[in-house]
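Engineer: this is the structure alone, sequence omitted:
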C-alpha cells in the first residue's frame, strides 16, 4: 500500500511540475518574443497578433499555410521591408493570436484579415502573398475586396482537387492529423511538448530523438520532416517556433484548421475567378504544373511561374524567386498609381 501511495504521490508531483513548467515557460515566451508586434482586437472580440516592417506602399500582406504562423515569412518579410511596407500576422488559433471563434475557412479568415487591417489603420492598396491554404485565403480576399488589391502572389496554393470532398481518398490524412492534434493538447498542457521541441530546436535534440524513437517509424518520419522544414528557416526564429509548438492552443488551432478542409474545398472549388487583378502563381518544379483550365479558374490575368528546385515550401527553398515576384508586383502597382489617379 505504501508503494502504491508513493507512486501516486510521485505521479501527482510530476504532473504538477509539468503543468507549472508549461505555465512559466509560456509566460516567459510571451515576454521574450512578442514585443516586435502588436495585438489588434477585431469585431468578433478576440485579438490577432500582427507584425509590421518597412515603409512606403503598396503594403504587402503575408498569409501563411494551414498550421503556420508569421514566422514562415520572417526572411521574406525582412527583405521586402527594404522597399515597401509589409504586414504579417497569425490567424486566429495560431501563433500569438487568440483562439479562433469561427470555422477556419478562407471566407472567415479573409473577413477577419479585412477587419484587422481596418482597425490597425493600414490603408490599401495591398499586394497579397499567400502560401498553400493561405493562397486560398488571399484568393477569397481578392474576390471579396477587389478594390483594395493591386496584385496577388500565390505560393503553391492549396489545390482543391487534391482534398476531400473532391478527393475523398485523403480523408484519412485529415482524420489522422485531427486525432494526433487532439492527443497533443494534454501533452502540451503538462510540459512534455515543450520539453521535446525545446530539445529539438534549442538544444542537443537528444530528448526529442528518444521521444520520436518511442513512436516508431511514424515518430521518426515526423521528426525528420520537422527538422528538414524548420532547418530552412533562420536559426534566430527556432526558439519562437519552439514556443508556438509548446502551446496547447497551437494544437487546438491546428485541429480547427484541418477540420475545416472539406468546407474550404466546398467554398473554393466553384469560386469565381479573380478579375482585372494581376496574379503570379508560383508552382514547385517538384510537382505537376497547374493545368490551363485551373489557372483560368484562379483569374483572368494569371502568370504561372515554375520554381525549378522547389518543393511545396517555395518561400523556404527559393526565397529570392518569391522576393523578386513581390518586387515585380510592387513596381507594377507603383507604376499604375498615376494612371489611376488621373482617371
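Structural biologist: Received, thanks. Because the structure is predicted, anything quoted here is derived from the model rather than measured.
Engineer: from now on I want contacts and neighbour counts done on CA atoms only, so please keep to that.
Structural biologist: Will do.
Engineer: now the helices for the stretch 101-250 of the chain?
Structural biologist: Per DSSP state H, counting those that start in this stretch, the stretch 101-250 of the chain carries helices over the ranges 106-119, 133-144, 171-189, 192-202, 206-214, 216-230, 238-245, 248-259.
Engineer: need the winner for burial among the ones you listed.
Structural biologist: helix 133-144 (a mean of 26; mean count of other CA atoms under 10 Å).
Engineer: can you name the residues in contact with that one?
Structural biologist: Here helix 133-144 makes contact (CA atoms under 8 Å, 6 or more residues apart in numbering) with 63-66, 105-107, 109-111, 114, 128-130, 148-149, 152, 154-158, 268, 272-274, 298.
Engineer: could you export the helices of the stretch 101-250 of the chain as a markdown table, including distance to residue 87 and mean pLDDT?
Structural biologist: Converted to a markdown table, those look like this (distance: least, CA to CA, whole Å; pLDDT from 0 to 100):
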| stretch | distance to residue 87 | mean pLDDT |
| --- | --- | --- |
| helix 106-119 | 9 | 98 |
| helix 133-144 | 14 | 98 |
| helix 171-189 | 28 | 93 |
| helix 192-202 | 26 | 85 |
| helix 206-214 | 33 | 47 |
| helix 216-230 | 22 | 55 |
| helix 238-245 | 18 | 93 |
| helix 248-259 | 21 | 96 |
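Engineer: mind putting those helices in TSV, distance to residue 84 included?
Structural biologist: Shown next, in TSV, are these (distance: least, CA to CA, whole Å):
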stretch	distance to residue 84
helix 106-119	16
helix 133-144	19
helix 171-189	37
helix 192-202	32
helix 206-214	40
helix 216-230	27
helix 238-245	25
helix 248-259	31
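Engineer: which among the ones you listed is found nearest to residue 16?
Structural biologist: helix 171-189 (10.6 Å; CA to CA).
Engineer: the closest one packs against which elements?
Structural biologist: Packing contacts for helix 171-189, counted by 3 or more CA pairs under 8 Å, 6 or more residues apart in numbering; DSSP states H and E, involve helix 2-33, helix 192-202, helix 248-259.
Engineer: burial measure for residue 85, as a count.
Structural biologist: When counting by other CA atoms under 10 Å, one arrives at 20 neighbours for residue 85.
Engineer: quick one: what helix or strand has residue 61 in it?
Structural biologist: Element membership for residue 61 (DSSP states H and E) is strand 59-63.
Engineer: how about residues contacting the next helix or strand after that strand?
Structural biologist: Proceeding N to C from strand 59-63, the next assigned helix or strand is helix 74-80, under DSSP H and E. Helix 74-80 is touched from outside by 53-54, 86-88, 233-234, 315, 319, 322-323, 326-327, with contacts defined as CA under 8 Å, 6+ apart.
Engineer: packing partners of whichever helix or strand comes after helix 74-80?
Structural biologist: Note on helix 74-80: by DSSP H and E, the next helix or strand toward the C-terminus is strand 86-89. Using 3+ CA pairs under 8 Å, 6+ apart, the elements in contact with strand 86-89 are strand 47-53, strand 59-63, helix 74-80.
Engineer: thinking again about what came up before, so the strand holding residue 61 versus strand 47-53, what angle?
Structural biologist: Orientation check (axes from the mean of the first three to the mean of the last three CA atoms, to 10 degrees): strand 59-63 against strand 47-53 gives 130 degrees.
Engineer: before we move on, the earlier item: nearest to residue 303, of the helices of the stretch 101-250 of the chain?
Structural biologist: Short answer: helix 133-144, nearest of the helices of the stretch 101-250 of the chain by CA to CA, at 14.6 Å.
Engineer: how distant is the closest one from the center of its chain?
Structural biologist: 13 Å (CA atoms, centre = their mean, to the nearest Å).
Engineer: circling back: is it possible to export the helices and strands packed on helix 171-189 to TSV including distance to residue 172?
Structural biologist: Below are the helices and strands packed on helix 171-189 laid out as TSV (distance: least, CA to CA, whole Å):
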stretch	distance to residue 172
helix 2-33	31
helix 192-202	24
helix 248-259	12
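Engineer: which of those sits closest to residue 180?
Structural biologist: helix 248-259 (8.7 Å).
Engineer: low pLDDT regions in the stretch 1-150 of the chain?
Structural biologist: Low-confidence segments of the stretch 1-150 of the chain, defined by pLDDT under 70: 1-2, 4-15.
Engineer: among the helices of the stretch 101-250 of the chain, which comes closest to residue 305?
Structural biologist: helix 133-144 (15.0 Å).
Engineer: by how many degrees do that closest one and strand 59-63 diverge?
Structural biologist: Using the same axes, to 10 degrees: helix 133-144 against strand 59-63 is 130 degrees.
Engineer: great, nothing more from me.
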